[in-house]
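Trainee: sequence and predicted structure are below.
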Amino acid sequence: MAAILDSPASAVQSFRSRRIQRAEDLLSLSDEELTAVDPLVMNLLVAKGIPSQANLDIERYRRMADQWATDIARRLPELEREFHATPQEWNNDLDFFRLGIICWYCDLILKVAYREDQREAKVVFYTDPTDLFLNGVMDTRRGTCGNLSVLHVVLGRRLGWPVSLACVGSHFVCRFDDGTKIINIETTDTGRGGFATPTDEELMRKKRLPAKAAACGSDLRAVTPREMLGLFFGLRARHYDNTERFSEAERDYLLARYLFPQCRDLYFGQNQISVQVSMDLFEPGERGHPTELACWLQDVVRLAPWKRKHSQSEEPDADDLDALFGQFTTDDLEKC
């Protein structure tokens, strides 16, 4: 089965004529050309930039994905008889049923499952990059939301279905969006042979997301190929951050935000790592050090519109500032 489907022939030919050896080479592609790139290739090119993953055989994983998608396609006609016999059990929606088949195939045929040691963990450190990229879940059949959702997207795209990633805070889901209906697939719900299709509202409640997360263009929408590439760079940045390679992490977060500027999770990660990096660049008390950033933030909040309760001249309550800046020490703020 072809690794690139439903792409204009001119875009495919243009992409193939380029010498794409690194993920960074993808940045020169137009949006049309980037649409022609297999998400699997995109994902693993980013992974190959990590020294421990430099010898990844991308073609091997592409063949594996092709074989799995071909097997699903071969099984579909017989499986769809069940849908046509009892469509009411599948929301009278063939697309809903087909997405369930991908989940069933990954769960019970491939034996892919979410890593149980991470399911209840409060904090996860991704010191092993294979926990974040496709090669990890395809080799071990154990994954996280970082690679399980991508695997479902890769298989769905090979079957010609309009699926992509969607952000839910720091979490990924596989999202079907054909312009008329939306179906979210929670790919970490494994081990029971079924599948979970939470609504946007259910996901927002579960992750405690404000309406602004969707309204600003960050969460709960199918990302574009360029934004997907940004999310993959964000995964690499997370690995570098968790292995204390802060300069590399900042570089990748900045690149990720360039590709997907609305993404709130990338914004949060990049700001945290940039503060960390600034401690190595500046002396305490010098402009650019986090202590000076704290002073600047105090001034910003003092002047911010939401702090002006009655008039522009009114100063914010001391209690409000104390609550906001309680994380900073008195010594830090004395320089203000």
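Mentor: Received it, and whenever you're ready, just let me know what you need. Keep in mind that what you see is a predicted model, and the values were worked out from it rather than measured. Numbering: from 1, shown residues only.
Trainee: residues contacting the spatially most central residue of the chain?
Mentor: Nearest residue to the geometric centre of the chain (Cα atoms, centre = their mean): Leu231, 4.5 Å. For Leu231, the contacting residues are 165, 167, 172, 223, 256, 260, 263, 266, by Cβ atoms under 8 Å, 6 or more residues apart in numbering. C-beta coordinates here come from the backbone N, C-alpha and C atoms, glycine included.
Trainee: tell me where the longest helix sits in the protein.
Mentor: Ranked by residue count, the top helix of the chain under DSSP state H comes out as helix 58-85.
Trainee: can you give me the angle the following helix or strand past it makes with helix 58-85?
Mentor: Downstream of helix 58-85, the next assigned helix or strand under DSSP states H and E is helix 94-104. Counting by axes from the mean of the first three to the mean of the last three Cα atoms, to 10 degrees, helix 94-104 points 130 degrees away from the direction of helix 58-85.
Trainee: remind me which residues of the stretch 101-250 of the chain are low pLDDT?
Mentor: Across the stretch 101-250 of the chain, the ranges flagged by pLDDT under 70 are 121.
Trainee: any idea how far Gly143 lies from Phe195?
Mentor: 15 Å (Cβ to Cβ, to the nearest Å).
Trainee: okay, those two: which has more neighbours?
Mentor: Gly143 (28 against 20; other Cβ atoms under 10 Å).
Trainee: what sits closest to that one if chain neighbours are left out?
Mentor: Once flanking residues are discounted, Gly143 sits nearest to Val137: 3.3 Å by Cβ to Cβ, 6 or more residues apart in numbering.
Trainee: contacts for whichever strand or helix holds the one you found, please.
Mentor: Here Val137 sits within helix 134-140, counting by DSSP H and E. With Cβ under 8 Å, 6+ apart as the test, helix 134-140 has contacts from 40, 43-44, 47, 53, 56, 61, 64-65, 112, 128-130, 142-143, 147-148, 150-151, 154.
Trainee: and that helix, how far out from the chain middle?
Mentor: Relative to the centre of its chain, helix 134-140 is centred 17 Å away, using Cα atoms, centre = their mean, to the nearest Å.
Trainee: one more: stretch 173-190?
Mentor: From the chain centre to the centre of stretch 173-190 is a distance of 14 Å (Cα atoms, centre = their mean).
Trainee: what do you get for stretch 161-168?
Mentor: 10 Å.
Trainee: repeat for stretch 186-204
Mentor: Here the centre of stretch 186-204 is set off from its chain's centre by 16 Å, with Cα atoms, centre = their mean.
Trainee: which residues touch that stretch?
Mentor: 96, 99-100, 103-104, 106-108, 112-114, 119, 144-145, 148-149, 151-152, 168, 172-174, 182-185, 206, 209, 211, 213-214, 220.
Trainee: cutoff 7 Å now
Mentor: By Cβ atoms under 7 Å, 6 or more residues apart in numbering, the list of residues contacting stretch 186-204 from outside reads 100, 103-104, 107-108, 112-114, 145, 148-149, 152, 168, 173-174, 183-185, 220.
Trainee: just the ones of these in helices?
Mentor: Of those, the ones assigned to helices by DSSP H are 100, 103-104, 145, 148-149, 152.
Trainee: just the residues you listed now: which is nearest Ser28?
Mentor: The nearest member of the ones in helices among the contacts of stretch 186-204 to Ser28, counting by Cβ to Cβ, is Ser149 at 26.8 Å.
Trainee: Ala215 versus that closest one, what's the distance?
Mentor: With distances taken as Cβ to Cβ, Ser149 is found 23 Å from Ala215.
Trainee: okay, buried residues for stretch 252-260 please.
Mentor: By 16 or more other Cβ atoms under 10 Å, the buried positions in stretch 252-260 come out as 252-253, 255-257, 259-260.
Trainee: which one of the residues you listed is nearest to Val277?
Mentor: Nearest to Val277, judged by Cβ to Cβ, of these is Tyr253 at 10.1 Å.
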